[in-house]
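Visitor: Just to be clear, the model below is a prediction. Sequence and coordinates:
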Amino acid sequence: MASDPTKPLLRLTPDQSRQRPAGQQKFPRPPESFPRDRQQATFAPKFDRLAQALARDPGGLELRADPAALAPERLLVFEVRGSVNNFAAAVQRVPGLELIDEEELGSDDDKEPVAYLLVPDARALAELLSLWRRWNADQLQFGETPWRGVFELLRDLRPWGPQDRVQRIDASFLAEEIEERGEDELVPLEIELIYRASEVQAQAREDEVRAAVTARGGQIISRARLPEIAYHALLVDLPVRAIREIIDQAEGGIASLEPVMHIRPQSLATTIEIEDVTDAGTAAAVGNLREPILALLDGVPVAAHPLLAAHLVVDDQFDLEPHAPVDQRVHGTAMASLLVHGDRNNPAPALPRRIHVVPVMGAGDRFPARRLVVDIIFLAIRAMREGPDATAPGVLIVNLSLGNERRPFQSSLSAWARLLDRLAYRYGILFLVSAGNVRETFGVPAFATGTAFEDADAAARCDGTLTAIGNLMADRRMFSPSEAINAVTVGASNDDWVSAADRRAARTIIDPFPGIRAANPSSALGPGFARSVKPDILMPGGREHLRQMRTDGHVFVRPAPSTRPAGLKVAAPRTGAFGVAEGYSGGTSGATALASRTCHR
């Protein structure tokens, strides 16, 4: 049978047929509807207020000289019980209504989806009100039955407000960022605007936000508008006092501005460390290398490193190399090494093609301070693949051993993830993205002391560690953009090629999974978007050990850095007397680089 290149290839090996346990339902039970009298009592006043706003058109819903203008009543938040898919199906049947975002929030009882509905004109709102009245009178017509499920399962209905623009986790990151800073000190943050298809309206809404930022003593650093993914955002500097207004959701503050979709702290790149740096010795001779099919978007590498010099094509699109001290070029150097050579504990031939490297992190392996990371990634890929001046037209695989530590995945796709999905579709690129590493201290209640943890047999230690991590899943989410649908998300397994002699040197740290193959304790886990299984694959990330931190009722541990007894051997920036340096790293960043190398091979 001929294959169809427009469809994905899925190789699935089904399990043996098993008898369904007695009493288990074939289909999940649908959510229970709210009583009709409860819905009428709760939402009739809200729909009445919408009707009144419609009636006094000049005050709230006047078209303001353009039918795409936005008023407070026009962006509505529907909180429903059950799947958001039913709500989406209902929305499609009303001309003019637009579902602009959705997220499913898990709870102990059932799902609590939140859907954001844009009501762009008076006609669409009038139809929504008419549907409510017909449901009340039990007179929904053919084709309108999905709205019965919406109104029966509606938890809440409210205008879009500050609590939607400043989510709890973002407020906590902002609070950390301004701690112990002066009231006039400027702090960068990202303001994502509600995307407007009309360029005129988009500019008007942006100007409104710009004016509010300037009025508070702030300034605009950068902007990006990407119609392909409905993304419009500003990177701004704001004084601490204005950020306090945002955290407190103060009336009249930036968080109350109609054009604002989300306010978040500036993206912060995930980082790695390289330990046990030694002299790498002499680099092997290299023959003629072919043109790249693999690109690395990462930090600035030590391009002159003898292990890498012949293998890299550095495309410094954003002029980051001159401003990145050589001794700080850790992340890009390590990832380039793993792509070219693999784990140098396991000697293998270098790849037969060069690697196209686009630095997207500068000094200190941080994202550029004056740019939005979504814009940087978009420009980097477009420059490689588009137009007669494309810098790497043959690239098919892109390695992104990166993530935004300040954007753990919750439920809705981030703009960065949406961008990767779109670029993968447009250019036919396979993106490999690291899931991220969570290295905070965590408790293992199964063991009272570190000695008990260390002395436990393999099965007990493994079970206790896995149980502790499982209980913290909500706080150990993957980092954006690893939730991307069209990308392969890579987690780290506790594998490497360290020799038995070197392994025995790990005396002050504890192997949580001795003799057992599993995900590393720090490897961030799913679920992904719409409760999909993430990460997609695990690749070797070094056999991660744990270090005892303290005892408080039970032992608390923390993932230890990768070292000679438990890590991947990589090229490193020159340190001290070592002219050709290499050291040890690992985690999901290294695992992703090994996955990309495997794809290349």
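Guide: Received, thanks.

Visitor: And for Arg371, nearest residue in space, chain neighbours not counted?
Guide: The shortest distance from Arg371 to any residue that is not its chain neighbour, by C-beta to C-beta, 6 or more residues apart in numbering, is 5.3 Å, and that residue is Ser222. C-beta here means a position set from N, CA and C on the backbone, and glycine is covered the same way.

Visitor: hang on, that neighbour in a strand?
Guide: Yes. Assignment of Ser222 by DSSP: H, G, I helix; E, B strand; the rest coil places it within a strand.

Visitor: That one: what's it in contact with?
Guide: Contact criterion C-beta atoms under 8 Å, 6 or more residues apart in numbering gives Leu234, Leu235, Arg370, Arg371, Leu372, Asp375 as the residues in contact with Ser222.

Visitor: correct me, but the fifth one touches Val236?
Guide: No. Taking contacts as C-beta atoms under 8 Å, Leu372 lies outside contact range of Val236: 10.6 Å.

Visitor: Give me the common contacts of the two.
Guide: With contacts taken as C-beta under 8 Å, 6+ apart, the residues that reach both Leu372 and Val236 are Glu190.

Visitor: so which of the contacts of Ser222 is the most crowded?
Guide: Neighbour counts for the contacts of Ser222 were taken using other C-beta atoms under 10 Å; the highest belongs to Leu372, with 25 neighbours.

Visitor: quick one: contacts for it?
Guide: Applying C-beta under 8 Å, 6+ apart to Leu372 gives the contacts Glu190, Ser222, Arg223, Ala224, Ala233, Leu235, Ser267.

Visitor: rerun at 7 Å
Guide: Applying C-beta atoms under 7 Å, 6 or more residues apart in numbering, we find Leu372 in contact with Glu190, Ser222, Ala224, Ala233, Leu235.

Visitor: Kindly provide the distance from the first one to Val438.
Guide: So the one you mean is Glu190. As defined by C-beta to C-beta, to the nearest Å, Glu190 lies at a distance of 22 Å from Val438.

Visitor: and stretch 463-474, which residues are buried?
Guide: Across stretch 463-474, burial judged by 16 or more other C-beta atoms under 10 Å covers Gly464, Thr465, Leu466, Ala468, Ile469.

Visitor: and Val433, which of the three is it?
Guide: Secondary structure for Val433, judged by three-state DSSP, is strand.

Visitor: Now do the same contact list for it.
Guide: Leu400, Pro481, Ser482, Ala484, Ala487, Thr489, Val490, Thr592.

Visitor: and the spatially closest residue to Arg385 that is not a sequence neighbour, what pLDDT?
Guide: The spatially closest residue to Arg385, leaving aside those adjacent along the chain, is Tyr427, at 4.8 Å (C-beta to C-beta, 6+ apart). Each residue has a pLDDT score; the one for Tyr427 is 96.

Visitor: any idea of the mean pLDDT in stretch 232-249?
Guide: Averaging pLDDT along stretch 232-249 gives 96.

Visitor: How far does that stretch stretch from one end to the other?
Guide: Stretch 232-249 has its terminal residues 22 Å apart, counting by C-alpha to C-alpha, to the nearest Å.

Visitor: mind checking how far that stretch is from the chain centre?
Guide: 22 Å (C-alpha atoms, centre = their mean, to the nearest Å).

Visitor: Run through the helices of the stretch 301-450 of the chain in chain order.
Guide: 331-341, 373-385, 415-427, 450-455 (DSSP state H, counting those that start in this stretch).

Visitor: With just CA atoms, put the last one into PDB.
Guide: By that I understand helix 450-455. C-alpha atoms of helix 450-455 as PDB (Å, rounded to 0.1, in the frame of the first residue of the first chain):
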ATOM      1  CA  GLY A 450      19.200  10.600  55.000                       C
ATOM      2  CA  THR A 451      20.900   7.500  56.400                       C
ATOM      3  CA  ALA A 452      17.600   5.600  56.100                       C
ATOM      4  CA  PHE A 453      17.200   6.800  52.500                       C
ATOM      5  CA  GLU A 454      20.800   5.800  51.600                       C
ATOM      6  CA  ASP A 455      20.600   2.400  53.400                       C
END
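
Visitor: Who are the packing partners of the helix or strand following that helix?
Guide: Past helix 450-455, further along toward the C-terminus, the next helix or strand under DSSP states H and E is helix 458-470. Using 3 or more C-beta pairs under 7 Å, 6 or more residues apart in numbering; DSSP states H and E as the contact criterion, the neighbours of helix 458-470 among helices and strands are strand 442-444.

Visitor: Just checking: what are the partner strands of the strand it packs on?
Guide: Based on DSSP bridges, the pairing partners of strand 442-444 within the sheet are strand 555-559 (antiparallel).

Visitor: and the angle from the partner strand to helix 458-470?
Guide: Orientation check (axes from the mean of the first three to the mean of the last three C-alpha atoms, to 10 degrees): strand 555-559 against helix 458-470 gives 80 degrees.
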